[in-house]
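Asks: Okay, structure incoming, though there's no sequence with it:
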Ligand code: SF4
């Protein structure tokens, strides 16, 4: 396979075995799969021999782009999540530790193995999102995985993307300091996407949605200014905005420079937690509030991305933690 140049050497390292079209990972077992034709496949996996340590990863498209042009892999960094945001199912069944470097890379290798007809090195945009279960800044193995993936000549189209709620703790601070060095060393020229999940411009509302100590808006802004080098992508401020979450464009303008940050609005999907807390806000076209806020921010000089839900994503329950939660709930119900 390697001699034909169709499969990246990345996928053939460290004892992986190819069985039919997919690989058996030496570090984790696949427990459940949710397949959405035309979009992607969500996998629920667990550490080999420790079935209570589960996590999810997703191999998918960014419709309408074909996989040859843009390939998206979303991976987890923790078993569950230590943060427990009120709209997310990832932390619903607790936190059971961090994934290792091999487990992080294993998710990428496994996803790449699912399409043997494609050479990952030939895909112009191969996005690896550290944005599934877990807060990546609480796991230093994420930095080592980024170093491994970014080795020169391997995957020229690779664009890692990392989403964080910016926890306030020494571990995250050290992580973010080192992340700047990794990005500058291996992913210059716009090959790294950093996103902060902010969700409201009001600190009290943020505190309620993201129930851990975290950087304030001004600290995120300060870090973004340190992060940015000429040619880098703008840092994304993501707002999964539920109907009553305060959002003040003037606060954004006072805090975040337009030449360092962009603003993205996303829906709040129908996870178990979001429904429990009445936070769900699914839309396929921007609701008038979001459209109006977007216009306001554009007039203030910001780049704005309005990111609607994709119907199949909602119908199939592909949001972060949903598959893990449904399988865990079914197991608990079976035991009861
Ligand atoms: S949104 Fe991210 S940080 Fe918050 S609970 Fe979900 S996985 Fe954890």
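Replies: Nice, thanks for sending it over. Note that the structure is a prediction, hence the values are computed from the model and not measured.

Asks: what about residue 27, how many neighbours?
Replies: Per other C-beta atoms under 10 Å, the neighbour tally for residue 27 reads 21. Heads up, the C-betas are built off the backbone N, CA and C, glycines and all.

Asks: quick one: it from residue 45, how far?
Replies: To residue 45, residue 27 is 9 Å away according to C-beta to C-beta, to the nearest Å.

Asks: What about residue 222, how many residues nearby?
Replies: Using other C-beta under 10 Å, the number of residues around residue 222 comes to 13.

Asks: Shouldn't it be within a strand?
Replies: No - read with DSSP: H, G, I helix; E, B strand; the rest coil, residue 222 is helix and lies in no strand.

Asks: From the ligand, how far off is it?
Replies: 21 Å (C-beta to the nearest ligand atom, to the nearest Å).

Asks: before we move on, what about residue 205?
Replies: The gap separating residue 205 from the ligand is 15 Å, by C-beta to the nearest ligand atom.

Asks: Give me the local confidence score for that residue.
Replies: pLDDT recorded at residue 205 is 95.

Asks: Equivalent analysis for residue 109, please.
Replies: Residue 109 is given a pLDDT of 94.

Asks: same thing with residue 291?
Replies: The model reports residue 291 with a pLDDT of 96.

Asks: From what I see, it and residue 308 are in contact.
Replies: No - with contact defined as C-beta atoms under 8 Å, residue 291 does not count as touching residue 308 (11.0 Å).

Asks: who touches residue 242 in this structure?
Replies: Residues in contact with residue 242 (C-beta atoms under 8 Å, 6 or more residues apart in numbering) are 87, 268, 274, 279, 280, 281.

Asks: can you rerun that using 6 Å?
Replies: By C-beta atoms under 6 Å, 6 or more residues apart in numbering, residue 242 lies in contact with 268, 279, 281.

Asks: Ok, residue 217 next?
Replies: Shown in contact with residue 217 (C-beta under 6 Å, 6+ apart): residue 255.

Asks: related to what we said a few turns ago, top of the contacts of residue 242 by neighbour count?
Replies: Ranking those using other C-beta under 10 Å puts residue 268 first, with 26 neighbours.

Asks: what bridges to residue 58?
Replies: Legend: beta-bridge partners of residue 58 under DSSP bridges are residue 42, residue 74.

Asks: quick one: it and residue 80, what's the gap?
Replies: Relative to residue 80, and taking C-beta to C-beta, residue 58 is found at 17 Å.

Asks: now residue 88
Replies: Distance, residue 88 to residue 80, by C-beta to C-beta: 11 Å.

Asks: before we move on, what about residue 242?
Replies: Residue 242 is 23 Å from residue 80, where distance means C-beta to C-beta.

Asks: What count of nearby residues applies to the nearest residue to residue 150 once chain neighbours are set aside?
Replies: Spatial nearest neighbour of residue 150, excluding adjacent residues (C-beta to C-beta, 6 or more residues apart in numbering): residue 186 at 3.4 Å. Residue 186: 18 surrounding residues under other C-beta under 10 Å.

Asks: Could you list the low-pLDDT ranges of the protein?
Replies: 1-24, 313-336 (pLDDT under 70).

Asks: where do the strands sit along it?
Replies: Using DSSP state E, the strands found in the chain span residues 17-19, 22-24, 28-36, 40-47, 50-60, 70-75, 78-80, 95-98, 125-130, 158-164, 193-197, 235-240, 261-266, 304-307.
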